[in-house]
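> Sharing a model prediction with you, sequence too.
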Amino acid sequence: MKLKKLAAVSLAAMMTLSLAACGGSGDEGGAESGGTAITIFNSKMEIQDQFEEVAEKYTEATGVDVEVYYSSDTVAAHLATKYSSNDPYTLSMVDAKDVYNLAEEHAVDLSDQEWVSQTPYAITINDKVVGFPLCVEARGLIYNADAIEAITGTPFDPAQYQTLDAFKGLLDQLVAGGMESPTGVLKEDWSMAGHYLPQVYEEQADPDAFVTGLTEGTVDLANDPKYNSLMETFETLMDYNYAKDSAISAEREVTSQKLAEGEIAFMFGGNWDWAVLSAYDYSDNMGIMPVPQNTDDGTNTKLVGGGSKYFFIDSSENTTDEQRQAAKDFLNWLVSDPEGNAFLTDDCQLVPAYSNISADNLDPLGTSVKFYADAGNLIPNYNFLPDDHYAVLGAKMQEYLAGQIDRTQFAQDIVDYWKTAQVIPH
């Protein structure tokens with residue numbers, strides 16, 4: 001198996017110069033907080049190695065001792081343990097829902113920071129900016145254009161396949177051309193009920209009102225147009241799935257390899273999937289397109305996504321003002337300094353959440369996401385789902401994927417779940 005890895009950018013030499021040029025230690029990007037030590041919690045496993053490397057170099061350049069920690073435990077549980085032991089992280093990188101859960105009690109007000117004006121994705125609670133967006137992530141249908149074009153003989157244009165009818169026509173053409181099964185479906189609960197199913201909520205005209213209706217039992221989900229539209233597409237992906245006869249046994253790595261190397265052409269996912277796809281002999285001619293649907297509401301022209309992973313700074317007495325200032329300096333460095341930018345976009349291959357950061361060397365999926373984000377074609381994430389949403393309904397969606405229940409029964413399972421589930425207050 002041929003492996004391809006993205007080259008990392010060396011930061012050490014230029015970082016020393018660029019940070020020294022920042023000057024004083026105010027909120028305007030200064031990083032002279034010598035003798036101060038800060039801790040950072042990273043919940044994004046794919047960038048832990050890069051984060052540890054940049055922390056070491058940042059420490060060497062500034063004198064600020066930066067330690068980065070990762071835990072595979074549930075974020076809420078892990079942070080709860082840290083708080084109960086009076087040992088919080090200075091900076092915590094978490095999901096948006098965790099910010100909504102924790103910020104009021106534990107987060108510093110960042111409203112006066114310069115970077116706030118450079119992003120539309122910051123989280124504001126009670127008129128205070130508390131969440132610093134690390135990057136932009138989005139999801140849709142990942143495609144391998146080379147695999148498609150090898151059969152069709154014409155350049156692949158995702159815009160021609162926004163409707164399910166057109167998409168089915170392409171799938172049939174691929175099958176006729178020798179690609180026996182053009183799609184793959186990730187069985188993981190976080191993919192199906194953490195990413196695909198939420199689009200039923202997110203693509204509603206008023207997601208909050210729709211979810212409230214689910215909790216109050218007033219939504220007839222089985223007859224909801226958006227639910228049926230997205231499930232019809234999901235069933236199409238099931239029908240053409242290479243692992244159709246053993247769908248819940250298919251491994252993510254196998255499905256990703258088949259997509260990367262062109263044995264299949266489509267897989268629902270997000271730009272985070274590049275971390276897996278890039279381990280194989282991948283095609284550079286890949287991207288993400290909106291989920292095809294027979295709809296006229298415009299949702300089939302957009303990806304779903306937005307700010308992903310958020311930093312907040314601890315406000316407790318266990319963190320000193322000097323540490324908080326050093327944490328602010330670090331966040332400002334990420335946004336305002338070229339080397340901070342390079343860490344985000346080159347080393348970590350993250351789509352920037354800030355208008356001042358250019359990104360010319362993103363991977364193919366990140367390039368797609370940036371294209372849709374720059375055009376304003378992202379449907380916002382619904383960030384208030386209960387922690388057990390993807391686990392409970394993921395198990396039900398696996399039954400659906402395996403053909404053990406049908407669309408109507410799955411709708412009832414969702415309705416039953418929401419009878420007792422509660423959204424995160426916001």
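Arrived safely.
> what ranges do the strands span in the stretch 51-200 of the chain?
With strands called from DSSP state E, counting those that start in this stretch, the stretch 51-200 of the chain shows them at 65-70, 91-94, 123-125, 128-144, 183-184.
> Mean neighbour count, these: which tops it?
Neighbour counts (mean count of other Cβ atoms under 10 Å) averaged over each of the strands of the stretch 51-200 of the chain peak at strand 183-184, with a mean of 26. For every residue, glycine as well, the C-beta is placed using N, CA and C.
> So what touches it?
Contacts to strand 183-184, defined as Cβ atoms under 8 Å, 6 or more residues apart in numbering, come from residues 171, 236-237, 240-243, 250, 255-256, 258-259, 264-267.
> could you redo the last one with a cut-off of 6 Å?
Contact with strand 183-184 is made by 237, 240, 241, 242, 255, 258, 259, 264, 266, 267, as judged by Cβ atoms under 6 Å, 6 or more residues apart in numbering.
> would you turn those into TSV with neighbour count, distance to residue 57 and pLDDT?
Shown next, in TSV, are those (neighbours: other Cβ atoms under 10 Å; distance: Cβ to Cβ, whole Å; pLDDT from 0 to 100):
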residue	neighbour count	distance to residue 57	pLDDT
237	23	43	98
240	23	47	98
241	22	45	98
242	21	43	98
255	24	36	98
258	22	38	98
259	28	35	98
264	26	40	98
266	27	40	98
267	25	36	98
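> Need the max-distance pair from these.
The largest separation in the contacts of strand 183-184, counting by Cβ to Cβ, is between 237 and 258 at 13.8 Å.
> any chance of the strands of the stretch 51-200 of the chain in a markdown table, plus distance to residue 226?
Formatted as a markdown table, the strands of the stretch 51-200 of the chain follow (distance: least, Cβ to Cβ, whole Å):
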| stretch | distance to residue 226 |
| --- | --- |
| strand 65-70 | 37 |
| strand 91-94 | 29 |
| strand 123-125 | 26 |
| strand 128-144 | 16 |
| strand 183-184 | 21 |
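> Same list (these) but as JSON lines, adding mean pLDDT and distance to residue 114.
Shown next, in JSON lines, are the strands of the stretch 51-200 of the chain (pLDDT from 0 to 100; distance: least, Cβ to Cβ, whole Å):
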{"stretch": "strand 65-70", "mean pLDDT": "97", "distance to residue 114": "21"}
{"stretch": "strand 91-94", "mean pLDDT": "97", "distance to residue 114": "17"}
{"stretch": "strand 123-125", "mean pLDDT": "96", "distance to residue 114": "16"}
{"stretch": "strand 128-144", "mean pLDDT": "98", "distance to residue 114": "12"}
{"stretch": "strand 183-184", "mean pLDDT": "98", "distance to residue 114": "44"}
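> Residue 188 versus the nearest residue to residue 421 once chain neighbours are set aside, what's the distance?
Once flanking residues are discounted, residue 421 sits nearest to residue 386: 4.9 Å by Cβ to Cβ, 6 or more residues apart in numbering. Applying Cβ to Cβ, to the nearest Å, the value for residue 386 to residue 188 is 18 Å.
> What of residue 151?
29 Å.
> got it, and residue 312?
Counting by Cβ to Cβ - residue 312 and residue 188 are separated by 27 Å.
> neighbour count winner among the two?
The neighbour count for residue 312 versus residue 188, taken as other Cβ atoms under 10 Å, is higher for residue 312 (24 against 17).
> Need the three-state assignment for residue 309.
Classification of residue 309 using DSSP: H, G, I helix; E, B strand; the rest coil returns strand.
> just to revisit the earlier point, would you mind giving the contacts of strand 183-184 as TSV with distance to residue 368 and secondary structure added?
Below are the contacts of strand 183-184 laid out as TSV (distance: Cβ to Cβ, whole Å; DSSP: H, G, I helix; E, B strand; the rest coil):
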residue	distance to residue 368	secondary structure
237	19	helix
240	22	coil
241	23	strand
242	23	coil
255	19	helix
258	20	helix
259	14	helix
264	18	coil
266	14	strand
267	14	strand
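> Looking at these, which is nearest residue 360?
Nearest to residue 360 among those, counting by Cβ to Cβ, is residue 259 at 25.0 Å.
> Apart from its neighbours in sequence, what residue is nearest the closest one?
residue 267 (4.8 Å).
> could you list every residue that touches the one you found?
142, 184, 259.
> With respect to residue 204, which of these is nearest?
Distance to residue 204 across the contacts of residue 267 (Cβ to Cβ) is lowest for residue 142, with 24.1 Å.
> thought the closest one was touching residue 289?
No: the pair residue 142 / residue 289 is not scored as a contact, 8.2 Å apart, by Cβ atoms under 6 Å.
> Would you mind pulling up the elements that the helix or strand residue 213 falls within packs against?
Using DSSP states H and E, residue 213 sits within helix 207-216. Under the contact criterion of 3 or more Cβ pairs under 6 Å, 6 or more residues apart in numbering; DSSP states H and E, helix 207-216 touches helix 198-202.
> So what touches the helix it packs on?
Residues contacting helix 198-202 (Cβ under 6 Å, 6+ apart): 207, 210, 211, 226, 227, 230, 304, 379, 382.
> Tell me how many other residues crowd residue 42.
Residues within reach of residue 42, counting by other Cβ under 10 Å, total 24.
> Tell me what it is bridged to.
Residues in a beta bridge with residue 42, per DSSP bridges, are residue 70.
> The host helix or strand of residue 411: how far from the chain's middle?
Residue 411 is part of helix 407-418 when elements are defined by DSSP H and E. Offset of helix 407-418 from its chain centre (Cα atoms, centre = their mean, to the nearest Å): 26 Å.
> ok, now stretch 353-373?
13 Å.
> before we move on, back to that, minimum distance to residue 360: which of the strands of the stretch 51-200 of the chain has it?
Nearest of the strands of the stretch 51-200 of the chain (Cβ to Cβ): strand 128-144, 15.7 Å.
> Quick one: list the elements packing against that closest one.
Packing contacts for strand 128-144, counted by 3+ Cβ pairs under 6 Å, 6+ apart, involve strand 266-270, strand 286-289, strand 303-313.
> could you redo the last one with a cut-off of 7 Å?
Here strand 128-144 touches helix 96-106, strand 266-270, strand 286-289, strand 303-313, helix 364-374, going by 3 or more Cβ pairs under 7 Å, 6 or more residues apart in numbering; DSSP states H and E.
> the inter-axis angle of the second one versus helix 364-374?
An angle of 60 degrees separates the directions of strand 266-270 and helix 364-374 when computed by axes from the mean of the first three to the mean of the last three Cα atoms, to 10 degrees.
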